[in-house]
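K.L.:
Next one to model:
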Amino acid sequence: MAEPGHDSKVPVLTDVVIETRRPRAAVDAQALEALARELERAVLARLAPEVDRVIEEKLARELSAVLRQALEAVRTELTVSVTQMVREAVAASVAHALRPDAQ
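P.N.:
Here you go, the predicted model:
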């Protein structure tokens, strides 16, 4: 029922509106598959740069940690090697200087 003063063509909350829907056109399987492939390509094209960025950031963090550990191991190994070489050089020099025939 329409209230007085309202346009009878405009439904109100108390009116029942029946919608008529047009039947959908049938989509064949090939067209649906092509649409799915195109949608997949479009989504991947949009997401690829972000995925690449995330992978690169994670890879950079992981590589940084691994390189830091490797560099620390190399530094430690070099320190030990250089210390040993200096000790051997000093010992050889002292031994040479203390030999009686060196004078």
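K.L.:
Tell me where this protein has strands.
P.N.:
Applying DSSP state E to the chain gives no strands.
K.L.:
Can you pull up the most central residue in it?
P.N.:
Central residue of the chain (CA atoms, centre = their mean): residue 54, 1.9 Å from the mean position.
K.L.:
ok, now how distant is that residue from residue 67?
P.N.:
20 Å (CB to CB, to the nearest Å). Where C-beta positions appear, they are placed from N, C-alpha and C, glycine not excepted.
K.L.:
Now do the same for residue 12: its pLDDT.
P.N.:
Note for residue 12: predicted pLDDT of 76.
K.L.:
Would you mind checking the average pLDDT for stretch 51-69?
P.N.:
Rounded mean pLDDT across stretch 51-69 is 93.
K.L.:
Then stretch 77-84?
P.N.:
Mean pLDDT, computed over stretch 77-84, is 97.
K.L.:
Residue 74 and residue 59, how far apart?
P.N.:
Distance of residue 74 to residue 59, given as CB to CB: 21 Å.
K.L.:
One more: residue 96?
P.N.:
53 Å.
K.L.:
How about residue 33?
P.N.:
As judged by CB to CB, residue 33 and residue 59 stand 35 Å apart.
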